[in-house]
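Undergrad: here you go, sequence then predicted model.
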Amino acid sequence: MLRSPPGSEQQLFGLAFDYAQTELTQRTRLGPFLWLYRNKEFHIACKRVHGFVDKFVARALEYRRAHRAGELKGIEKEKGKYIFANELALATDDPMQIRAELLNILLAGRDTTAGLLSNTFFVLARRPDIWAKLQNEVDQLEGRRPDYETLRNMKYLKHVLNECKSPSTFI
C-alpha cells in the first residue's frame, strides 16, 4: 500500500481503514449513547474496507470450490506459499467470518509492527552505542537493498528488534 499511487484502490483502502479505526475508538467511548451519534463518512469508509477485502474473500472461496472439486494442481503448495485466506476458506465457507478474520489479522499485524518500530526508535534515540553498532551492520550491505534472507541473517538487527519488544531492558 505504501507504493500505491494516490487515488488507487489500495491507497483509498488504507485511508478508509485508518479513518474507520479512529472512528471506532470514538464510537466505543460513546457506549450506550452511540445511538445518538451518526457519521455517514464512517459508513462509507466501512463499505470501502469491506468491498476491498471482499475481493480477497471471493478469491479464497473460489479456491475452496476448486479445492473441493479437485481442480487444483497444488500450485500454491508447490511454491511453498501459505495463503491465509485460502486456509480460512478451507475451514469455513462463511464469507463474513473470513472477512472478519482477515481484517483482524491486518489490524493486529499493523498495530504490533507500529509498536515495535516506535519502541525501536525510542531506544535508538537514547542509545548512540546501539545505533552505531546497528549502523555498522547495515553498512556491511554496501548500499544494496536487503532481501528477506539478508535481513534474517543480520544478527544484531534481530537482537535489537527482539529486545525492543520490551524496551525497558535497554533503558
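TA: Okay, I see it. No experiment lies behind these values; they were computed from the predicted model shown. Numbers count the residues shown, from 1 in each chain.

Undergrad: only C-alpha atoms for contact and neighbour calcs from this point on.
TA: OK.

Undergrad: now the farthest one out in this structure, which residue is it?
TA: Distance to the chain centre peaks in the chain at Leu36, reaching 32.7 Å (criterion: CA atoms, centre = their mean).

Undergrad: got the contact list for Ala16?
TA: Contacts for Ala16 (CA atoms under 8 Å, 6 or more residues apart in numbering) come out as 45-46, 48-49.

Undergrad: now with 7 Å, please.
TA: Counting by CA atoms under 7 Å, 6 or more residues apart in numbering, Ala16 touches 45, 48-49.

Undergrad: so which of these are in strands?
TA: Applying DSSP state E to these, no entry is found in strands.

Undergrad: pick the one among the residues you listed closest to Gln97.
TA: Nearest to Gln97 among these is Val49, at 14.9 Å by CA to CA.

Undergrad: hmm, that closest one is touching Tyr19, no?
TA: No. Counting by CA atoms under 7 Å, Val49 stays clear of Tyr19, with 10.2 Å between them.

Undergrad: please tabulate the contacts of Ala16 in CSV, including the columns distance to Phe13.
TA: Shown next, in CSV, are the contacts of Ala16 (distance: CA to CA, whole Å):
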residue, distance to Phe13
Ala45, 8
Arg48, 6
Val49, 6
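
Undergrad: with respect to Leu161, which of those is nearest?
TA: Val49 (30.9 Å).

Undergrad: tell me the spacing between the closest one and Glu23.
TA: Applying CA to CA, to the nearest Å, the value for Val49 to Glu23 is 13 Å.

Undergrad: these two: who's more crowded?
TA: Neighbour count, other CA atoms under 10 Å: between Val49 and Glu23, Val49 has more, with 21 against 16.

Undergrad: that one: what's it in contact with?
TA: Listed by CA under 7 Å, 6+ apart, the contact partners of Val49 are 13, 16-17.

Undergrad: which members of those are positioned in helices?
TA: 13, 16-17 (DSSP state H).

Undergrad: and the helices in this protein?
TA: 9-30, 40-69, 75-78, 84-91, 95-126, 128-139, 148-152, 155-164.

Undergrad: make TSV from these and add distance to Arg3 and mean pLDDT to it.
TA: Shown next, in TSV, are these (distance: least, CA to CA, whole Å; pLDDT from 0 to 100):
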stretch	distance to Arg3	mean pLDDT
helix 9-30	9	92
helix 40-69	17	94
helix 75-78	25	49
helix 84-91	23	92
helix 95-126	16	90
helix 128-139	23	95
helix 148-152	18	90
helix 155-164	24	92
